[in-house]
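>>> I'll drop the sequence and a predicted model, then ask my questions.
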Amino acid sequence: MKELHFGVFEVFGPQVGGTHSWPHPLSDSINFADPDHWVTIAKILEEGGFDFLFFADGYGYPMIGDDISRTAVERGVNFSGYDPAMIIPVLAQHTKRLGFVVTSSTGLDHPVQLARRFSTLDQLTGGRIGWNIVTGASQNAVAKVLGHDTMLAHDTRYEMAAEYVRLAVQYWEQAWDDGALVADRESGVYADVSGIHRVDFGGEHYRSAGYFTAPPTPQRTPVLFQAGTSPKGRAFAAAHAECVFVQGTVPKHTASNVADIRRRAAAEGRDPAGIKLMAGLTAFVAESEQAAQQLEAEFDALQSDEIVAALYAGNTGIDLLSLNPDETLHQVLGNGGPVGQMGTSNIERFLGKDGADAPRVREILDQLRGRGTRGFRVSGTGEQVADQIEALAAETDLDGFLIEPVFDPRDLRVFSQEVMPVLRHRGRLSENAEPVSLRQQLLGRRGSRLGGDHHLVGDAAEVVSKTATAVS
Ligand SMILES: Cc1cc2nc3c(=O)[nH]c(=O)nc-3n(C[C@H](O)[C@H](O)[C@H](O)COP(=O)(O)O)c2cc1C
């Protein structure tokens, strides 16, 4: 029986998932700016046996036309928050085994800046950090904020991302030999020059020549996550990612995306079962089925078409409320502008896959109500929710789920107390007696390092053998 992994999807802001729930009396997430809010959550997750806490992030926000969406601001839908990387060292101090995954979009800074940031996080967490690689949501807003004349095309962003990751991994894996950090008081030698290597990288989008000032850390390369499920995104995941956060709401579609990523990974010479695929899951858990349904109803009552539209525009560039409700998205595509060049997964899913008719705008609004960017939805007692999770895993071949709280941290506390023990009893959790690195926890590897079987390590090793002669 397959072990399942559990993360929690959060944002360092008022609410996750592009839905509206922070004003509800059961939610505390409006206190997101208080570090104690996160310490409480981290402790709940550690005690509950979760694998990691995951933070989404970005510089964007939903735009309608040329300006910020009014609903996004008024309701706090994917609008406002702080840099999640900064809270991680605080949480690491209060936990021993919980992993942390931070989203950082490629294309914002130079890869060496990201490499240094994540080396620092890996060191400060004792090897419990992962990097969620995205090419970035809300690219129309990001382009404006960063002062770019034009928004980069969707597929170009993925090409750049491949280079970005390759360069970062060279810094992590190649720049320092094991043992090059000497730190010997007696001789006064800090580092062995022969073990420090120059990175020479001349790519199409990024260049770099020099040494890495951050010494090696427990994992060196953070666990490589990826999110973005377009065909380009899946190809990128199959080549580079160790764990993938897959968009999933319909089990059949998710199963086909999961199979596609595993097939592509195998074609890249990787073990298709070795890449861990996870999807979002909103769980309404209560002491009875009726009580869980009541929670669901209270959450649904807080949602509106305006909230759906704000979220969707931020994701795709499409303002659903400005469209004829009887149109399908086929009629919107090809109109130019950012549409089709921002996130595409949330357009493709409404184009009528597998022979089904494409839904009309009115139906899309209804389908997305209360869903936002959330994945699957389950509801019931702890036992019932555990059953539904196992059924979903069997149907999709997913390796785990990211729990997307609605009433935070209440939902996480209840999930930890009511669902995790059932899954543990059924032998579904992967728990180690001693704390291990995030890579060991998720991938069951013996060591903490990105394996030699990962092509990026092979590429980096090849470069080091070339540069070593240049240095000596
Ligand atoms: C489940 C999931 C979570 C994501 N989280 C983020 C995020 O936190 N920040 C971000 O900028 N992009 C995030 N994205 C990815 C962007 O949508 C993506 O990088 C880009 O827009 C293209 O995605 P595509 O391959 O789905 O077209 C996420 C995507 C998915 C499917």
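Happy to help now that I have it. Numbering: from 1, shown residues only.
>>> rest of the way, CA atoms for contacts and neighbours
Noted.
>>> What parts of the stretch 1-150 of the chain come near the ligand?
With C-alpha under 6 Å from any ligand atom as the criterion, the stretch 1-150 of the chain meets the ligand at residues 56, 57, 58, 103, 105, 134, 135, 136, 137.
>>> As JSON lines, those residues with pLDDT would be great.
Shown next, in JSON lines, are these (pLDDT from 0 to 100):
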{"residue": "56", "pLDDT": "97"}
{"residue": "57", "pLDDT": "97"}
{"residue": "58", "pLDDT": "95"}
{"residue": "103", "pLDDT": "98"}
{"residue": "105", "pLDDT": "97"}
{"residue": "134", "pLDDT": "97"}
{"residue": "135", "pLDDT": "96"}
{"residue": "136", "pLDDT": "93"}
{"residue": "137", "pLDDT": "91"}
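>>> Which one of these sits in the busiest neighbourhood?
Counting neighbours by other C-alpha atoms under 10 Å, residue 135 leads these with 27 neighbours.
>>> Does that residue touch residue 161 like I think?
Yes - assessed by C-alpha atoms under 8 Å, residue 135 is found in contact with residue 161 at 6.7 Å.
>>> Overlap in contacts, these two.
106, 107 (C-alpha atoms under 8 Å, 6 or more residues apart in numbering).
>>> how far does stretch 425-440 sit from the chain's center?
20 Å (C-alpha atoms, centre = their mean, to the nearest Å).
>>> Quick one: end-to-end length of it, please.
Terminal residues of stretch 425-440 lie 22 Å apart, using C-alpha to C-alpha, to the nearest Å.
>>> and what of stretch 48-67?
42 Å.
>>> Quick check: buried residues in that stretch?
Under the neighbour-count criterion of 16 or more other C-alpha atoms under 10 Å, stretch 48-67 has 48-64 buried.
>>> ditto for stretch 385-395
Neighbour-count burial for stretch 385-395 [16+ other C-alpha under 10 Å]: 385, 386, 387, 388, 389, 390, 392, 393.
>>> Among these, which are located in strands?
Using DSSP state E, no member of the buried residues of stretch 385-395 falls within strands.
>>> now these in CSV, with distance to the ligand?
Listed next are the buried residues of stretch 385-395 as CSV, based on distance: C-alpha to the nearest ligand atom, whole Å:
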residue, distance to the ligand
385, 21
386, 21
387, 23
388, 20
389, 17
390, 20
392, 16
393, 16
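>>> So which of the residues you listed belong to helices?
Among those, DSSP state H puts 385, 386, 387, 388, 389, 390, 392, 393 in helices.
>>> Present the residues you listed as TSV; the columns should include pLDDT.
Converted to TSV, those look like this (pLDDT from 0 to 100):
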residue	pLDDT
385	98
386	98
387	98
388	98
389	98
390	98
392	98
393	98
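>>> Can you pick out the most distant pair from the residues you listed?
Between any two of these, the greatest separation by C-alpha to C-alpha is 12.3 Å, found for 385 and 393.
>>> so residue 208 makes contact with residue 199?
Yes - Residue 208 lies in contact with residue 199 (C-alpha under 8 Å); the separation is 7.0 Å.
>>> Which of those two has more residues huddled nearby?
It is residue 199, of residue 208 and residue 199, that has more neighbours when counted by other C-alpha under 10 Å, with 21 against 16.
>>> okay, that one: pLDDT?
What the model reports as pLDDT for residue 199 is 97.
>>> any idea how far residue 167 is from it?
Counting by C-alpha to C-alpha, the gap from residue 199 to residue 167 is 9 Å.
>>> Same check on residue 401?
30 Å.
>>> Could you list which residues are in contact with residue 386?
With C-alpha under 8 Å, 6+ apart, residue 386 has these contacts: 419, 420, 422, 423.
>>> From the ligand, how far off is residue 32?
17 Å (C-alpha to the nearest ligand atom, to the nearest Å).
>>> ok so, going back, what's the farthest-apart pair in the residues of the stretch 1-150 of the chain next to the ligand?
56 and 135 (12.4 Å).
>>> so residue 278 sits in a helix?
No - Residue 278 is assigned strand when assessed by DSSP: H, G, I helix; E, B strand; the rest coil, not a helix.
>>> Can you give me the distance of it to residue 253?
Taking C-alpha to C-alpha, one finds residue 278 at 14 Å from residue 253.
>>> higher neighbour count, those two?
residue 278 (26 against 16).
>>> mind listing the strands for the stretch 1-150 of the chain?
5-11, 52-56, 63-64, 67-68, 99-105, 129-134 (DSSP state E, counting those that start in this stretch).
>>> What segments of the stretch 301-450 of the chain are strands?
Using DSSP E, counting those that start in this stretch, strands in the stretch 301-450 of the chain cover 376-380, 400-403.
>>> which stretch among these comes nearest the ligand?
strand 400-403 (9.2 Å; C-alpha to the nearest ligand atom).
>>> Now do the same for the residue nearest to residue 116 when sequence neighbours are not counted: helix, strand or coil?
If the residues on either side of it in the chain are set aside, residue 116 comes closest to residue 214, at 6.1 Å by C-alpha to C-alpha, 6 or more residues apart in numbering. Applying three-state DSSP to residue 214 yields a three-state assignment of coil.
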